[in-house]
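Colleague: pasted the sequence and its predicted model underneath.
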Amino acid sequence: MTWLHTWAGLVVGWILFAVFLTGTLAYFQFEITQWMLPNVKQHATPEKAVAQAQDYLEKQAPDSPGWSITLPDERSPITTIFWRDPNASNGRGFEFAVLDGDGKRIEQRETRGGNFLYRFHFDLHYMPVFIARWLVGICAMLMLIAIVTGVVIHKKIFKDFFTFQPGKGPRSWLDGHTITSVLALPFHFMITYTGLVTLMLMYMSSAVSLSYGDRGEFFNDLQSQPPKLQASGESADLADLQELYFKAREDIKGNPIRLAQISNPGDKNATATFYEAPTQSLMSDYTTLTYSAVTGEQLHVQPVENSAELTRRTMIGLHAGRFADTQLRWLYFFSGILGTLMIATGLVLWFEKRRKKLQASGNLSFGHYLVSGLNAGFIMGLPLAVATYFLSNRLLPVAADNRAELEIAWFFFGWLLMVCYPLLRGAKKTWRDGALLNGLAYLSLPFISFITVDRHLLNYQYPRDWPLFGMDISFILTAAAFLGLTWYLFRKWNSKETQNDVER
């Protein structure tokens, strides 16, 4: 079990570290997006968003075969609209726009915001989605094995939790690993297992194919699908979609709606489908409602009734925390940080347990040096990557071409910088220099906003700007943690060098 625990964690530890950290940040993805869109001063509301989106789309995409409207809520004060266009300039078959509270397109500061961090934690970016999700799934399964075997091998896990011994080398790393594991152990189990459940239909697709052949029949058994009417070729004016939205809200007893999809707009067979948002509670009906977008007649209403599918969706909701209020979301966040530290301390522990013994015998191999360098580069590099991602949002020209992709490129540049840093300075100095770079980068973020944007710590308007204030305070606290770590490492290594001089 010890062997299995060690290697299950080590082999994929660096990927798991990236998945855990970006997934943890994704619990505040909408707040991150707000900070990265400082020019959005008029917040959108669901009471006006559908009408504003309809007005915009009827002017910009009247011939599109389909529209999609993601509605705003308390955490995401923007309206995001997509429309199908085979001739789209991005080559992906669709165009999109973001509207503010006045229904005006937000032209400035193109960004992926917090959605990039959310998508990265299971899509990994720059990789084919299918391969990335399989890779993340394999890593998650090994993580689950590591958690189970970790509980088995640490017979005194709760006793060790109360006997932390700082300054004891490998023993201290083991105690730190134990503490970060035990403090949020139920969360670690839950988040890893439900993470596998979120993509189970891809990992177990052969079962669906063997039983059904046609995946459409499988999904129809889980929840009957709304009717798909073919365009008739006869033009017709759309009904007031905002009124249809209010009608749908009434039909699902006032529960929030997150998404509206319009098929065949401008055609006699146009339909409007509304999807219930699973944000009110952990258990939701996930009701789908379809209306004629011309006459307003209800064509289809279907909650999810299959108990297995309800269980799967509930686990997905538990993993994503969509139902969580602010306090519970912070609990998710801190538990995720503990999980990230659990992985980091486990990676360092592997090297520290072997270092003294192998150094004494002169058998410290290239593999051990490689692990040491990768530990320092990855663990210090990913926080720096996040910081450079935020810095790029403030420093890149507002009108730059492919600005959103440039921000993501900055993210990977910051990460790559620290991963390669041990080649120049060695692993030991990478820890110290990396902590200092992270501290300075995060500390600079609130102050760079003073120069580059109109909304910053000195002129926020409350309660509208509470999320932005929270982001800036989080940057300052993160900087303080990294600068404190820098001071500790300087002091520790300087005292060791002094002691070695005295011994010599």
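Modeller: Cool, the structure landed. Numbering: from 1, shown residues only.
Colleague: could you report the neighbour count for Asp454?
Modeller: Using other Cβ atoms under 10 Å, Asp454 has 9 neighbouring residues. Every residue, glycine included, has its C-beta placed from N, CA and C.
Colleague: give me the pLDDT value at it.
Modeller: pLDDT for Asp454: 87.
Colleague: that one: which element?
Modeller: Assigned by DSSP states H and E, Asp454 belongs to neither a helix nor a strand.
Colleague: return the residues in contact with it.
Modeller: Contacts for Asp454 were tallied using Cβ atoms under 8 Å, 6 or more residues apart in numbering; they are 38-39.
Colleague: got phi/psi on it?
Modeller: phi -80, psi -20 (degrees, to the nearest 10).
Colleague: wouldn't Gly266 be in contact with Glu234 here?
Modeller: No - if you go by Cβ atoms under 8 Å, Gly266 and Glu234 don't touch, sitting 10.0 Å apart.
Colleague: between these two, which is the more surrounded one?
Modeller: Set Gly266 next to Glu234 and count neighbours by other Cβ under 10 Å: Gly266 wins out with 20 against 9.
Colleague: how far away is the more buried one from Asp240?
Modeller: Applying Cβ to Cβ, to the nearest Å, the value for Gly266 to Asp240 is 15 Å.
Colleague: count the neighbours of Ile15 for me.
Modeller: Other residues within reach of Ile15, judged by other Cβ under 10 Å, total 19.
Colleague: so Leu489 belongs to a helix, correct?
Modeller: Yes - when DSSP: H, G, I helix; E, B strand; the rest coil is applied, Leu489 is found to be in a helix.
Colleague: that one reaches Asp433, doesn't it?
Modeller: No - counting by Cβ under 8 Å, Leu489 does not reach Asp433; the two are 9.4 Å apart.
Colleague: secondary structure class for Val98?
Modeller: Applying three-state DSSP: Val98 is strand.
Colleague: and what of Trp134?
Modeller: Applying three-state DSSP: Trp134 is helix.
Colleague: again, but for the one 5 residues further on
Modeller: Secondary structure state of Cys139, per three-state DSSP, is helix.
Colleague: which parts of the stretch 51-200 of the chain are helices?
Modeller: 113-123, 129-153, 157-161, 170-183, 185-198, 200-203 (DSSP state H, counting those that start in this stretch).
Colleague: so what secondary structure elements neighbour the longest one?
Modeller: Using 3 or more Cβ pairs under 8 Å, 6 or more residues apart in numbering; DSSP states H and E as the contact test, the elements touching helix 129-153 are helix 2-11, helix 13-25, helix 113-123, helix 185-198, helix 200-203.
Colleague: quick one: the second one to chain centroid distance?
Modeller: Right, the one you point to is helix 13-25. Centroid separation for helix 13-25 versus its chain: 9 Å, with Cα atoms, centre = their mean, to the nearest Å.
Colleague: who touches that helix?
Modeller: Against helix 13-25 from outside (Cβ under 8 Å, 6+ apart): 9, 32, 114, 117-118, 120-122, 124, 135-136, 139-140, 142-143, 191, 332-333, 336-337, 339-340, 343-344, 346-347, 374, 378-379, 382-383, 386.
Colleague: tell me the angle it makes with helix 185-198.
Modeller: 90 degrees (axes from the mean of the first three to the mean of the last three Cα atoms, to 10 degrees).
Colleague: and if you look at the third one?
Modeller: For helix 113-123 against helix 185-198, the angle between stretch directions is 80 degrees (the same axes, to 10 degrees).
Colleague: can you select the buried ones among the contacts of helix 13-25 for me in ChimeraX?
Modeller: A single ChimeraX command selects the buried members of these (16 or more other Cβ atoms under 10 Å):
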select :9,32,114,117,118,120,121,122,124,135,136,139,140,142,143,191,332,333,336,337,339,340,343,344,346,347,374,378,379,382,383,386
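Colleague: with Leu424 as the reference, measure out to Leu391.
Modeller: Counting by Cβ to Cβ, the separation of Leu391 from Leu424 is 22 Å.
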